[in-house]
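Enquirer: what's the 3D shape of this:
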Amino acid sequence: MLDAVLTSLWLELASANVSYAVQARVDTRMRSMEAQATGGSVPPVAGDMDLVPTLGLKFDDGSAVGSLEYAPRISFREATTNPRTEVQHVGRLLGDWRPSRGLTLHGTQEFVLGQVNLFTNLPLGGSLDDPLGGDPIPGDTGVDVPIQPLPEGVDSVFFLSSLTTLAAETVWLGRGLSLSGSAGFSASGGLDATAQEAVPFQYGPRGQAALGWSPAPRHTLATTVGVTDSRFSTGARATVGTLTGAWTHRVDRRSSVEVGVGVGVAYSMRATEEETPDEELPGATPAGGRRVGTFQVGVTPPEEEPLARLDLLPDLTLAWSYRVPSRVADFNSRVAARVTPFVDRLTGLVYPRADVTLNGTWALGPRVR
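Expert: So this is what the prediction gives:
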């Protein structure tokens, strides 16, 4: 039985196209440093560098494409002041299947495991975009966030992240119409109790659906609905739903403009704090075998923050893309500004965050970019 399975697998591989890819990416940045609650003094400015080599194996038989990637992230933190090295192991498994004309199925699985120094930033994964190549899923924390406050005596933790996504895209609705959707589940956080004091464990599902329409060759309209639900080991919870409409206009053969306007509804519940026992209440004195609290007359107690809150947040996008065609070095650029709901992975609270990004890609040939 096993021989038959191996023979069938070997014949399948022999009839398909198997290739490999080797890539390398280097990121450098300068950032300002804030005073930390623990540890010694820190310089006002620090420089970091990330080296990400990637080794991939791709399997393509025409209707199905699968790839396996290993991309460790080697980070040199504060290279100019207090050099430290961190390594996060990132593995990805991606698959595309076209069972029929006009229908494409996608699947991705990503793992991140490594040690993170809490005095800098916490990498939350490698993928920043959704599997359909569109905008990030609402509420997704696919970027670095600062870690504060820190547990006393702890400056680094072991971190684990997992993201599973299934997606589909079809053009069966008619000419100029496209429908896509994705569903996934993510889990991330510290590996042990000490690490989770600084990086709470977080898990939950996510989903997104988009309907696109091209009424004219240069115009594209899209409506996107997305939802995420995140639960934390601290007891916090955040649910974010967004409804966004976008318009893309191709000005000419080289440039295009994208405008998106939407709204997000966020329901968040803050972490539940453990009640302090009576014998630990400040100002309590023994009287007749009981603990009696002391009160001040005429002093208004501070208002307690509500346990749950409902917020209405903007979801806005403004982007401009430009291309310089060339046989020697084809160049594509994009400038984008976004204001989207953001889930704080430490507290579980949701608030709007603004991002401005500038991307540039040079294609030096069919195999080098």
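
Enquirer: got the residue ranges for the helices in the stretch 51-200 of the chain?
Expert: Ranges of helices within the stretch 51-200 of the chain are 193-198, based on DSSP state H, counting those that start in this stretch.

Enquirer: what about it, any weak spots by pLDDT?
Expert: The model of the stretch 51-200 of the chain has pLDDT under 70 over residues 80, 117-155.

Enquirer: how about low-confidence regions in the stretch 201-350 of the chain?
Expert: Residues of the stretch 201-350 of the chain meeting the criterion pLDDT under 70: 273-305.

Enquirer: run the last query once more with 90
Expert: Applying pLDDT under 90 to the stretch 201-350 of the chain picks out residues 216-217, 234, 270-308, 325-329, 344-349.

Enquirer: mind listing the strands for it?
Expert: Along the stretch 201-350 of the chain, counting by DSSP state E, counting those that start in this stretch, strands occupy 202-216, 219-232, 237-250, 255-269, 285-287, 290-292, 308-324, 330-343, 350-363.

Enquirer: with distance to residue 188 and mean neighbour count added, can I get those strands in TSV?
Expert: From N, CA and C alone the C-beta is placed, and that goes for glycine too. Listed next are the strands of the stretch 201-350 of the chain as TSV, based on distance: least, CB to CB, whole Å; neighbours: other CB atoms under 10 Å:
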stretch	distance to residue 188	mean neighbour count
strand 202-216	6	17
strand 219-232	10	19
strand 237-250	14	19
strand 255-269	18	18
strand 285-287	46	9
strand 290-292	42	12
strand 308-324	23	15
strand 330-343	12	18
strand 350-363	17	13
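
Enquirer: including distance to residue 54, could those strands go into JSON lines?
Expert: JSON lines is the format used below for the strands of the stretch 201-350 of the chain (distance: least, CB to CB, whole Å):
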{"stretch": "strand 202-216", "distance to residue 54": "25"}
{"stretch": "strand 219-232", "distance to residue 54": "27"}
{"stretch": "strand 237-250", "distance to residue 54": "30"}
{"stretch": "strand 255-269", "distance to residue 54": "28"}
{"stretch": "strand 285-287", "distance to residue 54": "65"}
{"stretch": "strand 290-292", "distance to residue 54": "62"}
{"stretch": "strand 308-324", "distance to residue 54": "25"}
{"stretch": "strand 330-343", "distance to residue 54": "20"}
{"stretch": "strand 350-363", "distance to residue 54": "16"}
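
Enquirer: and residue 59, which of these is closest to it?
Expert: Using CB to CB as the measure, strand 350-363 is the one of the strands of the stretch 201-350 of the chain that comes nearest residue 59, at 24.4 Å.

Enquirer: and the closest one with strand 237-250, angle?
Expert: Calculated by axes from the mean of the first three to the mean of the last three CA atoms, to 10 degrees, strand 350-363 forms an angle of 40 degrees with strand 237-250.

Enquirer: just the CA atoms of strand 350-363, as CSV, please.
Expert: C-alpha atoms of strand 350-363 as CSV (Å, rounded to 0.1, in the frame of the first residue of the first chain):
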residue,chain,number,x,y,z
VAL,A,350,-9.5,49.4,19.8
TYR,A,351,-8.6,52.8,18.5
PRO,A,352,-7.9,54.4,15.1
ARG,A,353,-4.4,54.3,13.8
ALA,A,354,-2.9,56.3,10.9
ASP,A,355,-0.2,54.7,8.6
VAL,A,356,1.7,56.3,5.7
THR,A,357,3.6,53.9,3.5
LEU,A,358,5.9,54.3,0.4
ASN,A,359,6.7,51.3,-1.7
GLY,A,360,9.1,51.0,-4.6
THR,A,361,9.9,48.0,-6.8
TRP,A,362,12.5,47.7,-9.5
ALA,A,363,12.3,44.7,-11.9
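
Enquirer: which strands and helices lie in contact with that strand?
Expert: When contacts are defined as 3 or more CB pairs under 8 Å, 6 or more residues apart in numbering; DSSP states H and E, strand 350-363 sits against strand 308-324, strand 330-343.

Enquirer: adjacent strands (with direction) for it?
Expert: For strand 350-363, the pairing partners within the sheet under DSSP bridges are strand 330-343 (antiparallel).

Enquirer: contacting residues around the strand it pairs with?
Expert: For strand 330-343, the surrounding residues in contact (CB atoms under 8 Å, 6 or more residues apart in numbering) are 136, 138-139, 141, 228, 230, 238, 240, 242, 258, 264, 266, 313-324, 349-363.

Enquirer: next, the angle from it to strand 219-232.
Expert: 40 degrees.

Enquirer: and strand 330-343 with strand 308-324, angle?
Expert: Angle of strand 330-343 versus strand 308-324, following the same axes, to 10 degrees, is 180 degrees.
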